[in-house]
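Engineer: Give me a model of this one.
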Amino acid sequence: MTKAKSGLKDKIIGKAKEVEGKITDDKLREAEGKAQQAKGKLKDKAAKVKKDIQEKD
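Structural biologist: Numbers count the residues shown, from 1 in each chain. The predicted structure is shown next:
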């Protein structure tokens, strides 16, 4: 799995956790979801930077 796909996976799972936390009023679960979404966004950005560097070589 590429980092971009891995980032998408983290964003989707994170959003599901965030929504679950909101529905159940579980602030910890909601925060876990937001953190996982942020992790996914970072993976996407890292993959983009890596791709940009490889294209310059």
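Engineer: residue contacts, the most centrally placed residue in the chain?
Structural biologist: Ranked by distance to the mean C-alpha position of the chain (C-alpha atoms, centre = their mean), the top residue is G40 at 1.8 Å. Residues near G40 by C-beta atoms under 8 Å, 6 or more residues apart in numbering: S6, G7, L8, K9, D10, K11, I12, G14. Every residue, glycine included, has its C-beta placed from N, CA and C.
Engineer: In helices only, show me these.
Structural biologist: S6, G7, L8, K9, D10, K11, I12, G14 (DSSP state H).
Engineer: Filter the residues you listed down to just the buried residues.
Structural biologist: G7, D10, K11, G14 (16 or more other C-beta atoms under 10 Å).
Engineer: quick one: the closest residue to the third one other than its chain neighbours from T24, how far?
Structural biologist: To tie it back to what came earlier, the one meant is K11. Once flanking residues are discounted, K11 sits nearest to G40: 3.6 Å by C-beta to C-beta, 6 or more residues apart in numbering. Taking C-beta to C-beta, to the nearest Å as the criterion, G40 is separated from T24 by 22 Å.
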